[in-house]
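> coords please:
(2 chains)
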Amino acid sequence: MAFAPFLIPLTALALSLLLFGGFVSLAGANALEVYHSIYRGAFGTWFSWQNTLVSAAPLMLTALCTALPARLGLIVIGGEGAVVLGGLAAALTGLALIEANPWVALFGMALAAMLAGGLLIGLVGWLRHSRNVNETISSLLFNYISIAILSFLVIGVLRDPETLNKPSTHHIGETHMLGALGESSIHWGFGFGLIACLLLWILYKRTVFGFAVDMVGGNARAARLSGLPVGRIVFLVCLMGGAAAGLAGMVEVAAVHGRANTSLNAGYGYEGILIAFAARHHPLAIVPMAILFGGIRAAGSLMQRDHDLPDATSLVLQGMIFILLLASEAVFAHLARKRGGAA
Amino acid sequence: MDKEQNKTTDQNRRAALKGLAGLGLGTIAGGFGIGDAEAAKKVVMGFIYVGPRDDYGYNQAHFEGKSAIAKQSWIKAVDQENVPETIAVQKAMESMINLDGAQVIFPTSFGYFDPHILKIAPKYPNVMFLHCGGLYDASKHPKNVGSYFGYIDEAVYVSGIVAGHMSKTGKLGYIAAIPIPQVLRNINNFTMAARSVNPKITVQVVFTGGWSNPVKEAESANSLIDQGVDVLTCHVDSPKVVVETAEKRGVYSCGYHADQSKLAPKGFLTGAEWNWSKIYLDYATMIAKGAKIPNLIRGGFKEGLVKSSPYGKAVSAKARAHADKARAQFMKGGFVVYQGPIKDNTGREVIAKGKSYSQTDLWLESMDWLVEGVIGRTKG
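Predicted coordinates:
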């Protein structure tokens, strides 16, 4: 059964594509042509690959915000808020360091963003551990608070008066923008996502800290009895998850917009939740999942233009993949248990 | 838009695309009724909307404009909905250029301009990027960028006159997204028009904080009605919720962006609408003829860029006559709304006696005040 970890998701993927083909046929499109458009729009050419990878970049980072605390048994859905606060902190730091060397400024922006996002989710973890506040509800509510803070500040004191009809902060300066990877149009956010997923996988798989996290996730009381500082571990793990999402916000500001504004609130945080669950909270599995979902985002564009399908079509495909992935897990686990029982 | 209509536009579009495929992509010999044009190729136009095509509002108005011109056999129009103001719109523009061969792109949301259009336009000097909203500056921006916009506040002024006639309580309600110049200008026009009918009228404003915030829009509508407001209007991406809530509660409503009369058969008065089909056809004709496209296009009723929704059956003959007269003045040109003395709602004089700002005056595009008679504030 060495192939099982790959076989199960691939079967689920194939099934959802079949189901989706039926769905688009009902909507009046030719399923085979739609498959071709998905391929052409997401993976067919270097242009579409870049498209896919750029869409995947923020999703890898926001997925970590849900995936990391999930190992503790916490369901955190505050990625959106961490992106927003991270972007805001990055823009503020960028403006404060506008005279500084670009490297210093970018480093400062990344640090500030990670701190802002990290502290937000860290607070969620702390509230859970010491006040027993449900982390799912609190992180969801923190999303709304973060978005409100951003709107309040960019419409109010931080607003660049030149941004008349799209209230935004001042620009961090063209020379301080985060560039692209090599000759491509893929910004550094993709590199950050890859590195973050890899580092956190190593942390979880190969370090004592990772082992401690699994212990707390397995049985928090037992972990405490063995002398583990459970509260600190919960806070740190949430801090790291929030920092990853915060970094996604920094990339949005430093690589795309140059300013903080309500475009930070584009739903990356929510899509990250989906990817974290689809990847079963495994940091390395997040990478292909994010690329798959990024590809669907990129292909959505062609499904609309070539086949007159509504934008929601790509959401339907995402939803089908998601549900079949989770369902296949359950079915296979059930089969394995049955077989195990018979043997 | 009802389903039936939607279906026929879709079928037309599909038929057009099929025809195109049959004849081989792009090149179709012979002009297709553009007079003397030697157009051997279809004009390929790409449209990008920030929300859904059928939102009864801002995006639907653009979609209707696009659908109207897509009927021309020499035009191929592609579009994409729900594109956020992120790197996604950069990718959508590039994809239309690279995969569909678009010669002109219409990214229709304000937030698409800076940084997105400004970043992509220099990469494709042969493609024209025409942005709806008007931020073009010849000294700063690439030559293949332009902007177009309509003085919809003229049509809002006409709505204000109708609202002023129809209100019994003298209290009007305005549900607006965020306090930016274009929104404030509409609120001020509406208020001044209504008060030209009855100087005692007040307009209560609620800012919802976002362009598409249906829950807050419904709450605001209900609370305004509870306070005695009997005509509601709005400036949000989709007026659907406000107009429907007004109808349900039995008060009048004025629409915005597109025609919402179907949503409120009893209480709908009139509305301010865009008329994009004209300008989109103008642009297509210019491209087909190889004419130079102006970087900045502006206009109101006179230029055919805006229109009023047909009057609802509740509108009195007196209101109709007065509103028709105001529209005729705009059509003639030279009617100035911002004529001093004008005070803001804190009592400060913003336009002195004898001073006036005509429609094209750029000063009006940085408006940050609310006129006397408005209840509300532009800053927290």
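> okay, and for chain A, where does confidence drop off?
Along chain A, the parts satisfying pLDDT under 70 run over A:1-5, A:340-343.
> Quick check: residues of it near chain B?
Chain A has residues A:40-41, A:47, A:51, A:54-55, A:148, A:151-152, A:155-156, A:163-167, A:187, A:252, A:256-258, A:261-263, A:266-267, A:297-298, A:301-302, A:304-305, A:308, A:310-311 near chain B, with proximity defined as C-beta under 8 Å from any C-beta of the partner chain. Glycine gets a C-beta too; all of them are placed from N, C-alpha and C.
> Tell me the buried residues within those.
Neighbour-count burial (16 or more other C-beta atoms under 10 Å in any protein chain shown) is assigned, among the residues of chain A next to chain B, to A:40-41, A:47, A:51, A:54-55, A:151, A:155, A:163-167, A:187, A:252, A:256-258, A:261-263, A:266, A:297-298, A:301-302, A:304-305, A:308, A:310-311.
> Out of these, list just those in helices.
Judged by DSSP state H, helices contain the following of these: A:40-41, A:47, A:51, A:54-55, A:151, A:155, A:297-298, A:301-302, A:304-305.
> Quick one: residues in contact with stretch A:45-55.
Stretch A:45-55 is contacted from outside by A:40-43, A:184-187, A:189-190, A:291, A:293-295, A:297-299, B:87-88, B:91, B:94-95, B:98, using C-beta atoms under 8 Å, 6 or more residues apart in numbering or on different chains.
> quick revisit: which pair in the ones in helices among the buried ones among the residues of chain A next to chain B spans the largest distance?
The two members of these with the most space between them (C-beta to C-beta) are A:R40 and A:I155, at 40.9 Å.
> Just the terminal-to-terminal distance for stretch A:168-175.
19 Å (C-alpha to C-alpha, to the nearest Å).
> likewise stretch B:247-261?
11 Å.
> Can you confirm whether it lies near chain A?
No: residues of stretch B:247-261 are not located near chain A by C-beta under 8 Å from any C-beta, the shortest gap being 15.4 Å.
> what's the offset of that stretch from the middle of its chain?
The gap between the average C-alpha position of stretch B:247-261 and the chain average comes to 16 Å, counting by C-alpha atoms, centre = their mean, to the nearest Å.
> Please point out which parts of stretch A:208-223 sit buried.
Of all the residues in stretch A:208-223, those buried under the rule 16+ other C-beta under 10 Å are A:G210, A:A212, A:V213, A:M215, A:V216, A:G217, A:A220, A:A223.
> what residue is smack in the middle of chain A?
A:T62 (2.3 Å; C-alpha atoms, centre = their mean).
> wait, what's in contact with A:G94?
Applying C-beta under 8 Å, 6+ apart, we find A:G94 in contact with A:A105, A:G108, A:M109, A:I172, A:G173, A:H176, A:V253, A:A254.
> Flag every buried residue along the host helix or strand of it.
The secondary structure element spanning A:G94 is helix A:79-96 (assigned by DSSP states H and E). Neighbour-count burial for helix A:79-96, counted by 16+ other C-beta under 10 Å, picks out A:79-95.
> how about low-confidence regions in the stretch 51-200 of chain B?
Residues of the stretch 51-200 of chain B meeting the criterion pLDDT under 70: B:134.
> any idea where the strands of it begin and end?
Per DSSP state E, counting those that start in this stretch, the stretch 51-200 of chain B has strands spanning B:75-80, B:104-107, B:128-132, B:145-150, B:171-176. These are given in chain order.
> which neighbours does the last one have in its sheet, and in what orientation?
Strand B:171-176 sits in its sheet next to strand B:202-207 (parallel), strand B:231-235 (parallel), going by DSSP bridges.
> Mind putting those strands into TSV with distance to A:V316, mean neighbour count and mean pLDDT?
Formatted as TSV, the entries for the strands paired with strand B:171-176 read as follows, by distance: least, C-beta to C-beta, whole Å; neighbours: other C-beta atoms under 10 Å in any protein chain shown; pLDDT from 0 to 100:
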stretch	distance to A:V316	mean neighbour count	mean pLDDT
strand B:202-207	34	22	97
strand B:231-235	31	30	97
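> Go ahead and confirm A:V83 touches A:A248.
Yes: between A:V83 and A:A248 there is a contact at 5.2 Å, judged by C-beta atoms under 8 Å.
> so what's the backbone phi/psi at the residue of the stretch 201-350 of chain B found nearest chain A?
Shortest the stretch 201-350 of chain B-to-chain A distance, computed as C-beta to the nearest C-beta: residue-wise this is B:G209, at 5.6 Å. The phi and psi torsions at B:G209 (degrees, to the nearest 10) take the values phi 90, psi 0.
> list the contacts for it?
By C-beta under 8 Å, 6+ apart, the neighbours of B:G209 are A:A148, A:S151, B:A177, B:I178, B:K216.
> one step back: now the ones in helices among the buried ones among the residues of chain A next to chain B in JSON lines, with distance to B:A68?
Conversion of those to JSON lines gives the following (distance: C-beta to C-beta, whole Å):
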{"residue": "A:R40", "distance to B:A68": "29"}
{"residue": "A:G41", "distance to B:A68": "27"}
{"residue": "A:F47", "distance to B:A68": "31"}
{"residue": "A:N51", "distance to B:A68": "30"}
{"residue": "A:V54", "distance to B:A68": "34"}
{"residue": "A:S55", "distance to B:A68": "32"}
{"residue": "A:S151", "distance to B:A68": "36"}
{"residue": "A:I155", "distance to B:A68": "36"}
{"residue": "A:R297", "distance to B:A68": "30"}
{"residue": "A:A298", "distance to B:A68": "30"}
{"residue": "A:S301", "distance to B:A68": "23"}
{"residue": "A:L302", "distance to B:A68": "24"}
{"residue": "A:Q304", "distance to B:A68": "19"}
{"residue": "A:R305", "distance to B:A68": "18"}
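> Perfect, that will be all.
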